[in-house]
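Q: sequence and predicted structure, then a few things I'm wondering about:
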2 protein chains.
Amino acid sequence: MEIESLAENVLAGDRRALARAITLVESLRDDHREKAARLLEILARSGRQALRIGMSGTPGVGKSTFIEAFGQMLTAQGLRVAVLAVDPTSARTGGSILGDKTRMERLSRDPNAFIRPSPSQTHLGGVARRTREAVALCEAGGYDVVIIETVGVGQSETVVAEMSDLFLLLLAPAGGDELQGVKRGIMEIADIILVNKADGDLRAAATRTCSDYAGALRLLRKRPQDPEGFPKAMMVSAVEQTGLDVAWTEMQRLADWRRAEGHFDARRAEQARYWFTEEVRHALLSELQTPAMRAELARLGTAVALGETSSAMAAREIMTQLRGPTH
Amino acid sequence: MEIESLAENVLAGDRRALARAITLVESLRDDHREKAARLLEILARSGRQALRIGMSGTPGVGKSTFIEAFGQMLTAQGLRVAVLAVDPTSARTGGSILGDKTRMERLSRDPNAFIRPSPSQTHLGGVARRTREAVALCEAGGYDVVIIETVGVGQSETVVAEMSDLFLLLLAPAGGDELQGVKRGIMEIADIILVNKADGDLRAAATRTCSDYAGALRLLRKRPQDPEGFPKAMMVSAVEQTGLDVAWTEMQRLADWRRAEGHFDARRAEQARYWFTEEVRHALLSELQTPAMRAELARLGTAVALGETSSAMAAREIMTQLRGPTH
């Protein structure tokens, strides 16, 4: 495969070329990694920028239905929309949360939309680094909006936030005493909380849930990257397609404010530094990933947990094995 | 200094020996690090265990007054209390949050109390690893309760939680619209929220604040390590010394439940593994800390932030410099 011609086709907006390019960046083969790095280097020169929207929500809140409705609203306005996913569990379960495109049947047939399941690697770090590169490919491909979806597993929201300009948290209405099960850390990164299913019988519950979260958000510290009134909680109905336009207006308002105040570019620069550091750390720490070192780490980790040795002593032993006794 | 006799004196409960032992583990000198590792190895055999209580609160919430009153209540019950601090800013500001022992004047004169300021290193990771070793020294010294104090700076609460059995968040009463400025992530780790200054004119405000946070806690996901009713929000007055006994009863109730259910030991084993991994990661990543590598990382980080190169390309360059072109 000629990297230069692949780059040209991606820039021309060819969806199959984009899909091939993403497959290349997802590959773990060393020669592919080198080609991928070159491809990203070439495409970065285009300077194209999309609005990157991170999104999280537990299963059952209607994430696919929301993306389907929201994405179609955007393409109807003439925008090109890409949907990516970060799912660290995809390798375990044998399928991605977005593996089944029929979950967004109409959007996946829309010529102005591009849907890509999560790379199936076992480590969140790997999934995240590759997805971030896929975001860059979609931007070079001329997409105006890139939605990066994740479920609330472990740190996946945090890494998605590190590749997003805005972060949405999708919730379902909760009845009276029913707990929502929102992970506490996610309140830290949400820009807009969307209470979905604000329709039919659930409308009253959605209003209560929305007001509860609006109250909880007010208790938290104001962030410099937020204009007055943000982060905010809003109601939407993906099924009835209500509230989506207002939500989009608020997202644009937030993005515009951040652009005008310099937060948008500053955050992207900070994110770029973050991912560079992550790449370097990953490269160094991958020296611990050989079968022999993994066995040693497990053995010594157990000894430390049992109190048989101290973590300092055990760490010295690992370093001696890695670097030799002269280190 | 003879490590064996230092260990003996620490085990005998000698406070000056404990102070010297902590100074040893805080030293960055290679020969000291080796002695410290040996000392910790010897002392670990004592098998002594304290209740480790992590505590966070922003300046002004009355943290020192609380620890002074709470600590004295415990020593009056015949318990021995150690107070340590994790303050990553101590090196910058030239003084630790606990540097001035006069802030806890009476407790510091109590023969059953031991107060130690934060190690003054520039990196939170270093401060944290050394403080965790100081906790182990205090346990070997026969202290029943070790309080690890931190201010809400960056990740300091998270690392303190990783060395604590329980985590307290101290807050001040907030008036009507006044924001508390609680970092969002901290709600994730708090076991008990203590609203301090529930006295005099602030009593009504404290009641409101306490009820607001109780409501916010109910919205969050239940954790397996919590019995019914936890995490909880309570009111105390350090000045009037009210609520301290009830708070202590609740802390013991929580600790007892976790012990009975196996969460206590499981968490300590998990924490031991965590700190072992941290030691290994730190040792590896410290290869990036030479002046030459730091300059290179800064230069390439800026190039990545400006979009002049990709993070993948820049990371390859770093690894080539570290390992040579054959890597």
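A: Received it, and whenever you're ready, just let me know what you need.

Q: dump the residue contacts of residue A:41.
A: For residue A:41, the contact set (C-beta atoms under 8 Å, 6 or more residues apart in numbering or on different chains) comprises B:309-310, B:313. Where C-beta positions appear, they are placed from N, C-alpha and C, glycine not excepted.

Q: check the secondary structure at it for me.
A: What DSSP: H, G, I helix; E, B strand; the rest coil gives for residue A:41 is helix.

Q: wait, residue A:166 touches residue A:53, no?
A: Yes: Residue A:166 is in contact with residue A:53 according to C-beta atoms under 8 Å; the separation is 5.2 Å.

Q: joint contacts of the two?
A: Both residue A:166 and residue A:53 are contacted by residue A:251, under the criterion C-beta under 8 Å, 6+ apart.

Q: which of the two has more neighbours?
A: Set side by side, residue A:166 and residue A:53 show more neighbours around residue A:53, with 25 against 21, by other C-beta atoms under 10 Å in any protein chain shown.

Q: and the helix or strand harbouring the more buried one, how far out from the chain's middle?
A: In this assignment (DSSP states H and E), residue A:53 forms part of strand A:51-56. Averaging C-alpha positions (C-alpha atoms, centre = their mean, to the nearest Å) puts strand A:51-56 7 Å from its chain's average.

Q: name the residues of the following helix or strand past it that are buried.
A: Going down the chain from strand A:51-56, the next helix or strand is helix A:63-76, by DSSP H and E. For helix A:63-76, a neighbour-count test (16 or more other C-beta atoms under 10 Å in any protein chain shown) marks A:63-75 as buried.

Q: again with stretch A:35-48
A: Those would be A:35-44, A:48, for stretch A:35-48 by 16+ other C-beta under 10 Å.

Q: count of neighbours near residue A:261?
A: 12.

Q: can you verify my assumption that residue A:103 contacts residue A:62?
A: No: applying C-beta under 8 Å as the test, residue A:103 and residue A:62 come out as separate, 10.9 Å apart.

Q: more neighbours: those two, which one.
A: Under the neighbour definition other C-beta under 10 Å, residue A:103 and residue A:62 were set side by side, and residue A:62 has more, 21 against 16.

Q: you'd agree that one is up against residue A:198?
A: No: assessed by C-beta under 8 Å, residue A:62 is found out of contact with residue A:198, at 10.7 Å.

Q: distance of residue A:52 from residue A:14?
A: Between residue A:52 and residue A:14 the computed distance is 21 Å (C-beta to C-beta, to the nearest Å).

Q: and for residue A:241?
A: Residue A:241 is 30 Å from residue A:14, where distance means C-beta to C-beta.

Q: ok, residue A:70 next?
A: From residue A:70 to residue A:14 the distance is 25 Å (C-beta to C-beta).

Q: same deal with residue A:212?
A: From residue A:212 across to residue A:14, the span is 46 Å (C-beta to C-beta).

Q: more crowded one of those two?
A: A direct count of neighbours by other C-beta under 10 Å for residue A:212 and residue A:14 places residue A:212 higher, at 18 against 15.

Q: strands along chain A, start to end?
A: Using DSSP state E, the strands of chain A run over A:51-56, A:81-86, A:113-115, A:145-150, A:166-171, A:192-195, A:232-235.

Q: where does pLDDT dip in chain A?
A: For chain A, the stretches with pLDDT under 70 are A:1, A:88-102, A:121-122, A:152-154, A:175-185, A:324-327.

Q: can you tell me the centre-most residue of it?
A: Centroid-nearest residue in chain A: residue A:160, 2.8 Å away (criterion: C-alpha atoms, centre = their mean).

Q: spatially, what comes nearest to that one if we skip its sequence neighbours?
A: If you skip the residues right next to it in sequence, residue A:160 has residue A:54 as its closest partner in space, 4.2 Å away by C-beta to C-beta, 6 or more residues apart in numbering or on different chains.

Q: can you check residue A:271 too?
A: The shortest distance from residue A:271 to any non-neighbouring residue, by C-beta to C-beta, 6+ apart, is to residue A:162 (5.6 Å).

Q: contact partners for the one you found?
A: Contacts of residue A:162 by C-beta under 8 Å, 6+ apart are A:128, A:132, A:271, A:274-275.

Q: output those in CSV; the columns should cover neighbour count.
A: Shown next, in CSV, are the contacts of residue A:162 (neighbours: other C-beta atoms under 10 Å in any protein chain shown):
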residue, neighbour count
A:128, 25
A:132, 26
A:271, 20
A:274, 18
A:275, 23
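
Q: tell me which stretches of chain A form helices.
A: Here chain A has its helices, by DSSP state H, at A:3-11, A:15-26, A:30-44, A:63-76, A:90-93, A:105-109, A:124-140, A:156-161, A:203-218, A:244-260, A:263-285, A:291-305, A:311-323.

Q: out of these, which gets nearest to residue B:226?
A: Nearest to residue B:226 among the helices of chain A is helix A:203-218 (18.8 Å), distances taken as C-beta to C-beta.

Q: near chain A, from the contacts of residue A:41?
A: Restricting these to those touching chain A (C-beta under 8 Å from any C-beta of the partner chain) yields B:309-310, B:313.

Q: out of these, which is most surrounded?
A: Most neighbours among those, by other C-beta under 10 Å: residue B:310, with 26 neighbours.
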